[in-house]
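In: how does the following fold in three dimensions:
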Amino acid sequence: MRQGSGRITTVEMHTGGEPVRIVTGGWPPIEGRTILDKRRFVRAEQDRWRRVLMAEPRGHADMYGALLVEPDLPEADLAVLFLHNEGWSTMCGHAVIALGRYAVDRGLVPVQEPETLVRIQCPCGLVTAKVTVTNGRAGRVRFESVPAFAYARDAVVLADPFGPVGMDIGYGGAFYGILPAAEIGLDLEASPLGRIVEAALALKRAAAEQIPLSHPGEPDLAFLYGIILTDGFDGGGGRPSANICVFADGQIDRSPTGSGVTARMAVMHRRRQVGLGEPRRFRSITGAEFTAAVLAETRAGPHPAVTVEVGGEAFYTGEAGYWVEPEDPLGEGFLLRR
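Out: Numbering: from 1, shown residues only. Next comes the predicted model:
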């Protein structure tokens with residue numbers, strides 16, 4: 001590809017407005033026995049291709065991608081690595097929703113009506129997508145999460161310029177700091193988006209420095225991925241709860257954030273704000289909604305945990321092919337910051 005002789009092909013989708021650039025061909029061979037081995041390999045050896053696809057001029061600061069790889073779990077139908085503006089994530093619910101529909105439409109799994117199961121191995125573990133199928137057409141997708149848990153409740157961080165700020169830390173395949181926007185004097189409807197992003201990044205930096213994280217199974221998963229600012233509501237009673245998730249390097253999720261909703265539900269369940277099977281709804285900055293329900297109680301190492309079902313819809317936007325001309329000084333990507 002660096003010589004201009006290769007070509008990476010993609011299928012383009014979105015879930016709630018959040019892009020999913022699915023790599024369908026042209027990516028160089030990936031080494032590694034396990035999916036986490038593969039994630040380490042692409043981070044160390046192939047990160048230039050992430051920049052090519054995610055950054056400008058082919059992408060932008062809020063682009064998101066999915067790279068299908070060989071699964072190492074025998075029960076998995078497919079495996080995926082997630083890529084974004086900063087690097088490689090461990091879980092992505094909006095991409096899982098898109099991949100569920102994509103797998104059915106591409107015949108990657110035997111299709112059954114009215115529902116087809118697609119078992120997707122993610123870096124955080126196995127996630128089962130349940131794809132509604134009508135007359136051979138894939139529709140709405142629900143996925144069952146890995147064990148999710150409240151890592152910390154009412155943790156206090158000192159974040160400039162806010163001073164002491166309380167937040168919960170939840171895990172839903174990735175770790176998130178979760179707090180009402182009002183806690184730092186912001187309003188999700190009225191505050192400028194730039195201020196929300198700046199505040200979330202300040203909180204993320206402070207929490208990452210001041211709250212040590214550990215994952216009960218894999219050290220590679222123990223990092224703070226994003227901050228979720230909420231409207232303070234719990235998504236029950238027929239009224240969706242609004243939230244904005246700022247993750248990676250200031251990336252704004254257009255969807256309600258599947259792994260973030262999972263983390264929110266785990267924290268809410270731990271606080272006894274939601275019971276088993278009770279439906280909840282969550283709304284993103286675009287007005288898109290995800291549904292959620294706690295399916296079962298379980299454990300994740302020392303943590304009381306739950307499995308959560310999150311549902312949403314994904315749509316196709318096109319197909320593309322990309323290459324790099326060797327004389328192009330900007331060919332491997334750049335990002336303009338806000």
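
In: buried ones in the lengthiest helix in the chain, by neighbour count?
Out: Assignment by DSSP state H gives helix 193-210 as the longest helix of the chain. For helix 193-210, the neighbour count (16 or more other C-beta atoms under 10 Å) marks 196-197, 199-204, 206-208 as buried. C-betas here are computed from N, CA, C, even on glycine.

In: so what touches it?
Out: For helix 193-210, the surrounding residues in contact (C-beta atoms under 8 Å, 6 or more residues apart in numbering) are 155, 157-162, 165, 167, 169, 177, 179, 181, 184, 186, 188, 223-224, 226-227, 229, 244, 246, 250, 252, 285, 338.

In: for the residue located most distally from the centre of the chain, what are phi and psi?
Out: Here the chain reaches farthest from its C-alpha mean at Glu327, the gap being 34.7 Å by C-alpha atoms, centre = their mean. Backbone torsions of Glu327, given as degrees, to the nearest 10, read phi -90, psi 0.

In: what does Arg101 give?
Out: Torsion angles, degrees, to the nearest 10, at Arg101: phi -70, psi -40.

In: ok, it touching Arg137?
Out: No. Counting by C-beta atoms under 8 Å, Arg101 sits too far from Arg137 to count as a contact (9.4 Å).

In: and these two? Which one has more around it.
Out: Arg101 (27 against 12; other C-beta atoms under 10 Å).

In: now do that one against Phe143, distance only.
Out: 11 Å (C-beta to C-beta, to the nearest Å).

In: same deal with Ala288?
Out: Ala288 is 16 Å from Phe143, by C-beta to C-beta.

In: which of those two has more residues huddled nearby?
Out: The neighbour count for Ala288 versus Phe143, taken as other C-beta under 10 Å, is higher for Phe143 (25 against 20).

In: so who does that one touch?
Out: 93, 96-97, 100, 120, 127-130, 258, 309-311.

In: give me the residues contacting stretch 123-130.
Out: So stretch 123-130 is in contact with 35-36, 39, 73, 75-76, 81-82, 88-91, 96-97, 99-100, 103, 115-121, 141-147, 173-174, 218, 220-221, going by C-beta under 8 Å, 6+ apart.

In: repeat that for stretch 228-236.
Out: Under C-beta under 8 Å, 6+ apart, the answer for stretch 228-236 is 176-182, 184, 186, 188, 196, 199-200, 239, 241-246, 257, 260, 263-264, 268, 273-274, 278-282, 292.

In: pull out the buried members of those residues.
Out: Judged by 16+ other C-beta under 10 Å, buried ones among the contacts of stretch 228-236: 176-181, 184, 186, 188, 196, 199-200, 241-246, 257, 260, 263-264, 268, 274, 278, 280-282, 292.

In: now do the same for the residue farthest from the centre of the chain: its pLDDT.
Out: You'll see Glu327 listed with a pLDDT of 90.

In: now for it: which residues touch it?
Out: So Glu327 contacts nothing (C-beta under 8 Å, 6+ apart).

In: go ahead and flag the most central residue of the protein.
Out: Cys92 (2.5 Å).

In: surely that one touches Leu81?
Out: No. Taking contacts as C-beta under 8 Å, Cys92 lies outside contact range of Leu81: 9.9 Å.

In: now for the two: what residues contact both?
Out: Shared contacts of Cys92 and Leu81, counting by C-beta under 8 Å, 6+ apart, come down to Ala66.

In: need the distance between the two termini of stretch 268-276.
Out: End-to-end distance of stretch 268-276 (C-alpha to C-alpha, to the nearest Å): 11 Å.

In: next one: it to chain centre, how far?
Out: 22 Å (C-alpha atoms, centre = their mean, to the nearest Å).

In: what is the mean pLDDT for that stretch?
Out: 97.

In: next step: the buried ones among the contacts of stretch 228-236 restricted to strands.
Out: Assignment to strands by DSSP state E places the following of the buried ones among the contacts of stretch 228-236 there: 176-180, 241-246, 280-282, 292.

In: closest one to Met13 out of those residues, please.
Out: Cys245 (18.7 Å; C-beta to C-beta).

In: just confirm that closest one contacts Asp253, I think it does.
Out: Yes. With contact defined as C-beta under 8 Å, Cys245 counts as touching Asp253 (4.2 Å).

In: any low-confidence regions in the stretch 201-338 of the chain?
Out: Scanning the stretch 201-338 of the chain for pLDDT under 70 picks out 338.

In: going along the chain, name the helices of it.
Out: Remark: helices assigned in the stretch 201-338 of the chain by DSSP state H, counting those that start in this stretch are 258-270.

In: the residue nearest to the centre of the chain and Arg21, how far apart?
Out: For Cys92, the distance to Arg21 - C-beta to C-beta - is 12 Å.

In: do the same with Asp249
Out: 17 Å.

In: higher neighbour count, these two?
Out: Counted by other C-beta under 10 Å, Asp249 and Arg21 do not tie: Arg21 has more neighbours, with 26 against 14.

In: leaving out chain neighbours, which residue sits closest to the more buried one?
Out: Gly65 (4.2 Å; C-beta to C-beta, 6 or more residues apart in numbering).

In: same check on Glu313?
Out: Closest to Glu313 by C-beta to C-beta, 6+ apart is Arg140, at 5.3 Å.

In: secondary structure element for the one you found?
Out: strand 137-144 (DSSP states H and E).
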